[in-house]
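Visitor: From the sequence below, what's the structure:
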Amino acid sequence: MSQKRKADMYDPLSDDFKRQEFPFYWVAQLNALYSQEMERLLKKVDMDIPRWRITMILLEHSELSISEIADHAVAKLPTTTKILYRMRDDGLVLLKTSPEDGRVTLVSLTDKGLEQLEEVRESVSLLFRKSFKGLTSAQIHRTNVLLAKLYDNLSQISD
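Guide: Now for the predicted structure:
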């Protein structure tokens, strides 16, 4: 069997296409199930997935511009801006004008934002451990490498 024939079942255009062999089928299934579980966990502390992403990004980077947060979260700038202003109103983040460029708004977590994040991290850690049960660190790393490659390939399509 040629290399092209082996890959046919993955290509939706092929007569040999198999839905359950289509990688994006599993990406979509996994994302939907992960999102459901995350929403359930986050609801307990009055948080949602976009706010979770933003707080984790800010935990890692301390202070970022709104556009940097949108880039890291792979979200649209207007959507990110709305979420951040709601988070500010809830006392979770601090927004301030950049001293270097008055057009840039910098964002950082407040103590309340850190407290809310800590309330849910243990539950999310348990979800992670259950999700990756039976996989080695090397397998998790390889999964990340493959997903990053797919992301890079997709991000270049519209370039």
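Visitor: which intervals of this protein have sub-threshold pLDDT?
Guide: Along the chain, the model assigns pLDDT under 70 to residues 1-7, 159.
Visitor: swap the cut-off to 80 and go again
Guide: With pLDDT under 80 as the threshold, the chain has low-confidence stretches at 1-8, 158-159.
Visitor: For Glu100, which three-state class applies?
Guide: Using DSSP: H, G, I helix; E, B strand; the rest coil, the structure places Glu100 in coil.
Visitor: From Met38, how far off is Ile49?
Guide: Here the distance between Ile49 and Met38 works out to 6 Å (Cβ to Cβ, to the nearest Å). To be clear about C-beta, it is placed using only N, CA and C from the backbone, and glycine gets the same treatment.
Visitor: Please identify which of the two sits among more neighbours.
Guide: More neighbours surround Met38 than the other of Ile49 and Met38, with 19 against 13 (other Cβ atoms under 10 Å).
Visitor: from what I can see that one touches Trp52, true?
Guide: Yes: Met38 sits in contact with Trp52 when judged by Cβ atoms under 8 Å, with a separation of 6.9 Å.
Visitor: Could you tell me which residues touch both of those two?
Guide: Both Met38 and Trp52 are in contact with Val124, where contact means Cβ atoms under 8 Å, 6 or more residues apart in numbering.
Visitor: Okay, Thr110 and Ala32: tell me how far apart.
Guide: Distance, Thr110 to Ala32, by Cβ to Cβ: 32 Å.
Visitor: all strands in the chain, in order from the N-terminus.
Guide: 63-65, 93-97, 105-109 (DSSP state E).
Visitor: ranking those strands by burial, who's on top?
Guide: The highest mean neighbour count among the strands of the chain, using mean count of other Cβ atoms under 10 Å, belongs to strand 105-109: a mean of 20.
Visitor: can you count the residues close to Leu127?
Guide: Using other Cβ under 10 Å, the number of residues around Leu127 comes to 15.
Visitor: Contact partners for it?
Guide: With contact taken as Cβ under 8 Å, 6+ apart, Leu127 is in contact with 37-38, 41.
Visitor: Please repeat the previous calculation with a cut-off of 6 Å.
Guide: Counting by Cβ atoms under 6 Å, 6 or more residues apart in numbering, Leu127 touches Glu37.
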